[in-house]
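got a predicted structure here, sequence first:
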Amino acid sequence: ITAWYLTSIIHPSGDTLWFDYRMIGTNYKTSISETLFRRNAAYTPTNCLIDQPQWPILDNSSCVNWLRTNSAFLEQITSTGGAKIKFRYSDRSDMNDSLLSSVEVYQPDNNIPFKIFDLNYQNSVSTNFGNTYTTSYASLKYRPFLISLVERSYDNSLSKSYKFSYNDINGLPPRLSYAQ
């Protein structure tokens, strides 16, 4: 077990909140391992055999290290009084995972949300500092950045918008780049 998930909260007055999750398995590229072989030109093995000893031929190698995780995505919070909050997700373009895309707040016994929070993202695209892996796995070039949060009513009659900006959003190297 690597995490504990809150399943309920019971208030001293008896009100209860329940937390519902959806489990998702994700394969995540975490790093690159690289092995380089070099001969010490100053070293000469002793000639104890009739023939010259053969140096083993060792190729340099590198590989992507993967991590398999099971993530819990909060789907819904419900209350004793009937109010609830639903969480919606969208797919990420940089990996097999999800981004929170909206939060919907419902009043008791109502199937139409009275408040919605929309989260909007922009993907940065790295074009510098590539290596073999960043060209083999194009998804490593992308990173999502939150660019706006919109709080609105269901019918869009009321709306508040918050915008976020970043310095040089495309300036980061790709994930798993050798750049530091």
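Arrived safely, thanks for sending.

buried residues, the strand or helix carrying F73. List them.
For F73, the element it lies in under DSSP states H and E is strand 61-79. Within strand 61-79, the residues scored as buried using 16 or more other C-beta atoms under 10 Å are 74, 77-79. To be clear about C-beta, it is placed using only N, CA and C from the backbone, and glycine gets the same treatment.

show residues contacting the helix or strand of the chain with the lowest mean pLDDT.
When the helices and strands of the chain are compared on mean pLDDT, DSSP states H and E, helix 132-136 comes out lowest with a mean of 72. With C-beta atoms under 8 Å, 6 or more residues apart in numbering as the test, helix 132-136 has contacts from 29, 32, 62, 64, 126, 140-141, 174-177.

now distance to D97 and pLDDT too, for these, in CSV please.
Below are those laid out as CSV (distance: C-beta to C-beta, whole Å; pLDDT from 0 to 100):
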residue, distance to D97, pLDDT
K29, 11, 82
I32, 20, 81
S62, 24, 81
V64, 16, 83
S126, 18, 87
L140, 13, 82
K141, 16, 85
P174, 17, 84
R175, 13, 83
L176, 16, 81
S177, 20, 81
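
is it possible to export those to TSV including secondary structure and distance to V105?
Formatted as TSV, those follow (DSSP: H, G, I helix; E, B strand; the rest coil; distance: C-beta to C-beta, whole Å):
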residue	secondary structure	distance to V105
K29	strand	36
I32	strand	43
S62	strand	48
V64	strand	41
S126	coil	36
L140	helix	36
K141	helix	36
P174	coil	37
R175	coil	34
L176	coil	39
S177	coil	40
